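Enquirer: Fold the stuff below for me.
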Amino acid sequence: MDKLDSLFENSGLIAKKIAGKLSEKEFERFNEWLSSSEKNRAFYEKIQDKRNFFARNEQYEYVNTKKAWERFSEKVTIKRKERRMPLLLKYVAAILLPLLISAGIYWMINERSAEEDQNIRPGKRSAFLVLSNGEKIDLSKEDKEALRETDGTVIKKSNDELHYTEHQPSVPKELLQDELIVPRGGEYSLVLSDGTRVSLNSMSRLIFPVRFSGDQRKVTLEGEGYFEVQKDNEHPFIVEVNGMQIQVLGTSFNVKAYQDELHVYTTLVEGKVRIVSEGRLNDEFVLEPNQQAVFDKSNTSLTINDVDAAQYTQWTAGRYVFADQTLDEIVRTLSRWYDFSYRYGDESLKTIRFEGGLNKYESVYPILDIITKTGKVKVTIKGKEVLFSK
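Expert: Numbers count the residues shown, from 1 in each chain. Down below sits the predicted model:
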């Protein structure tokens, strides 16, 4: 095991040791690590010195996020289908190891009060289903295992997921459209009548037919959704978003198309998708796996970038991963899920870039603390409002 692996694996033990919270077994593991080399002992002595903690953070005027992420990626492989969170991201991964450990120690020594923890909390499974007749159903409160549409379609609710695949009427009298709305601080998923699974992120909505008919399978998305499309060569699947169409046969991809953002991001995990932008019907773009199309809504331009697609779909597995993203991009994502408002004391703070990730079902406070400890941003929390200032 090299030094980086050893430190990452034992960072939690180091934090607990300084905070005086080691169990008997953890104490034994810590002593084994400490006595295994003089470098480990010297590192621990340096970390536990509070003067080094503050001096080190004064030096972090800029975090070399690109190099840090490349090194981090070599050590940790994020599996697309994996549902278990890696140990590294259990609490919050800040990539820059000394900062991670120091902030972890700072957090454990200075635990926040239970009252404050209740102000900003992780989101949960919640959504509203709007039936074709306008009836709006709160799915977080609805305890029925099945709902019924006006044409007789039975919508099954299982494990906080809707299923439109069973009990379809033999001859639909009309094409009914339903709408699934996910509020701020929520997430939800559904299986469409063709077997396609759609996961919706916070502040998103999907308009879809109760039953597909005709030669196309068409839905409309606002916000962010991850699609696992059931293959059907005779009936292409089409996602309409603001200013563009995404056409597929059978594939997995992520679409991020929030109204308050300038760009629409389409990231392909597997298969192929064809993208057509409105106003440029002769321009078609075909994505390959691990490519991302960035559509600019202001001028309808579209660019294709090579990316690690897994990074953009980790929210479906319970993680947020940020690779060389601006503070504003990170805060937009976090505020939607944790349902807090925010403002900037200085607009220049929006463009500062950070690297890291967190388990989205746990507290947001540690990552806000780590942003503060970089020395570039001051974070002030009052209730459910966060102020970022110099």
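Enquirer: do you know how far the residue most central in space within the chain is from residue 256?
Expert: For the chain, the residue nearest the mean C-alpha position is residue 315 (3.1 Å; Cα atoms, centre = their mean). Remark: distance between residue 315 and residue 256 (Cβ to Cβ, to the nearest Å) = 10 Å. All C-beta atoms are positioned from the backbone trio N, CA, C, and that covers glycine.
Enquirer: got any residues that touch both of those two?
Expert: residue 224 (Cβ atoms under 8 Å, 6 or more residues apart in numbering).
Enquirer: Ramachandran coordinates for the residue nearest to the centre of the chain?
Expert: Main-chain dihedrals, residue 315, degrees, to the nearest 10: phi -60, psi -30.
Enquirer: do the same with residue 332
Expert: Backbone torsions for residue 332, taken as degrees, to the nearest 10, come to phi -60, psi -50.
Enquirer: How many neighbouring residues does it have?
Expert: 17 (other Cβ atoms under 10 Å).
Enquirer: please begin residue numbering at 84 from this point
Expert: Okay, using 84 as the starting number, the last item reads as residue 415.
Enquirer: ok, it to residue 317 distance?
Expert: In terms of Cβ to Cβ, residue 415 sits 39 Å off from residue 317.
Enquirer: What of residue 389?
Expert: 32 Å.
Enquirer: cool, residue 328 as well?
Expert: Counting by Cβ to Cβ, the separation of residue 328 from residue 317 is 18 Å.
Enquirer: Tell me how far the closest residue to residue 205 other than its chain neighbours lies from residue 229.
Expert: Beyond its immediate neighbours in the sequence, the residue positioned closest to residue 205 (Cβ to Cβ, 6 or more residues apart in numbering) is residue 444, lying 5.1 Å away. Computed as Cβ to Cβ, the residue 444 to residue 229 distance reads 28 Å.
Enquirer: Kindly report the same for residue 259.
Expert: 16 Å.
Enquirer: Which one's more surrounded, these two?
Expert: residue 259 (17 against 13).
Enquirer: could you list every residue that touches the more buried one?
Expert: Remark: with contacts taken as Cβ under 8 Å, 6+ apart, residue 259 is in contact with 215, 232, 233, 234, 236, 292, 293, 294.
Enquirer: Mind doing that once more with 7 Å?
Expert: 215, 232, 233, 234, 292, 293 (Cβ atoms under 7 Å, 6 or more residues apart in numbering).
Enquirer: The third one is in contact with residue 215, isn't it?
Expert: Yes - using Cβ atoms under 7 Å, residue 233 is in contact with residue 215, at 6.0 Å.
Enquirer: Give me the more crowded residue out of those two.
Expert: Neighbours per residue (other Cβ under 10 Å) separate residue 233 from residue 215, with residue 215 holding more: 17 against 13.
Enquirer: With just CA atoms, put stretch 462-471 into PDB.
Expert: The C-alpha trace of stretch 462-471 is given here as PDB (Å, rounded to 0.1, in the frame of the first residue of the first chain):
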ATOM      1  CA  VAL A 462     -19.300  31.000   4.500                       C
ATOM      2  CA  THR A 463     -22.000  32.400   6.900                       C
ATOM      3  CA  ILE A 464     -25.100  30.300   7.600                       C
ATOM      4  CA  LYS A 465     -28.200  31.800   9.000                       C
ATOM      5  CA  GLY A 466     -31.100  29.400   9.200                       C
ATOM      6  CA  LYS A 467     -31.600  28.200   5.600                       C
ATOM      7  CA  GLU A 468     -29.700  31.000   3.900                       C
ATOM      8  CA  VAL A 469     -26.000  30.800   3.100                       C
ATOM      9  CA  LEU A 470     -23.900  33.900   2.400                       C
ATOM     10  CA  PHE A 471     -20.600  33.500   0.500                       C
END
